[in-house]
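J.: Let's see this in three dimensions:
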Amino acid sequence: MFAIGDRVVYPMHGAGVIESIEEKKILGETRSYYILHIPHGNMQVMVPVDGVSAGLRGIVDCAAIDNVIGVLSSASTPMDDNWNRRNRANMDKLKTGDICQVAEVVRNLLRMDRQKKLSTGEKKMLLNARQILASEISLVNDIDEKDADSMIESAV
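T.: Numbers count the residues shown, from 1 in each chain. I've put the predicted structure just below:
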């Protein structure tokens with residue numbers, strides 16, 4: 001499905017590049033794995049080739065980034081007052097790997113943080129979601145992650 005050099009997004013980790021496809025024996029079972037290099041944090045992630053249903057997808061195009069900027073600058077969506085339900089809803093959106101849903105989480109939490117300080121858990125979620133979003137924007141637009149984060153900040 002993917003090849004070495006493809007730029008992909010792995011939900012909850014961010015955007016990266018497939019460095020290699022390797023056979024690994026883990027727990028007595030030999031499988032093929034995509035070896036991803038995720039620039040943020042200089043991480044290396046192994047994703048089973050036959051387990052791509054875990055959400056691995058190609059990065060979006062420039063037109064989709066324009067849509068993301070539109071999502072970031074649009075009105076906030078209503079969120080549950082209950083922290084636990086709000087956290088679960090946001091986590092479900094992040095797990096989809098859909099860039100627009102990630103942008104929605106970033107926008108809503110960033111605006112909430114500006115009005116009243118977020119809890120430690122929500123700050124951590126905002127930081128993670130923002131990093132995921134910035135990593136994909138930086139790969140698509142071929143810019144530094146700091147510049148991508150600046151785009152996010154100015155759009156919100």
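J.: The lengthiest helix in the chain - what's its average pLDDT?
T.: For the chain, the helix with the greatest residue count under DSSP state H is helix 120-141. Averaged across helix 120-141, pLDDT comes to 95.
J.: Then stretch 75-84?
T.: Across stretch 75-84, pLDDT averages out at 90.
J.: Please list the residues outside that stretch that contact it.
T.: 86, 89, 90, 104, 107, 108, 111, 112, 119, 121, 122 (Cβ atoms under 8 Å, 6 or more residues apart in numbering). Every C-beta, even on glycine, is put in place using the N, C-alpha and C of the backbone.
J.: how about these, which pair is most distant?
T.: 104 and 119 (19.0 Å; Cβ to Cβ).
J.: out of these two, which sits in the busier spot?
T.: Neighbour count, other Cβ atoms under 10 Å: between residue 104 and residue 119, residue 104 has more, with 21 against 10.
J.: OK, contacts around the more buried one?
T.: With contacts defined as Cβ under 8 Å, 6+ apart, the neighbours of residue 104 are 71, 77, 93.
J.: from the contacts of stretch 75-84, which ones fall inside helices?
T.: With helices taken from DSSP H, the overlap with these comprises 86, 89, 90, 104, 107, 108, 111, 112, 121, 122.
J.: Narrow the contacts of stretch 75-84 to just the buried residues.
T.: 86, 90, 104, 107, 108, 112, 122 (16 or more other Cβ atoms under 10 Å).
J.: Now do the helices in the chain.
T.: Taking DSSP H as the test, the helices found in the chain are 62-73, 83-96, 99-115, 120-141, 145-155.
J.: looking at these, which is closest to residue 55?
T.: Between residue 55 and these, the shortest separation by Cβ to Cβ is 7.4 Å, and it involves helix 83-96.
J.: tally of neighbours for the closest residue in space to residue 147 that isn't next to it in sequence?
T.: Spatial nearest neighbour of residue 147, excluding adjacent residues (Cβ to Cβ, 6 or more residues apart in numbering): residue 138 at 7.1 Å. Residue 138 has 21 neighbouring residues, counting by other Cβ under 10 Å.
J.: Perfect, that will be all.
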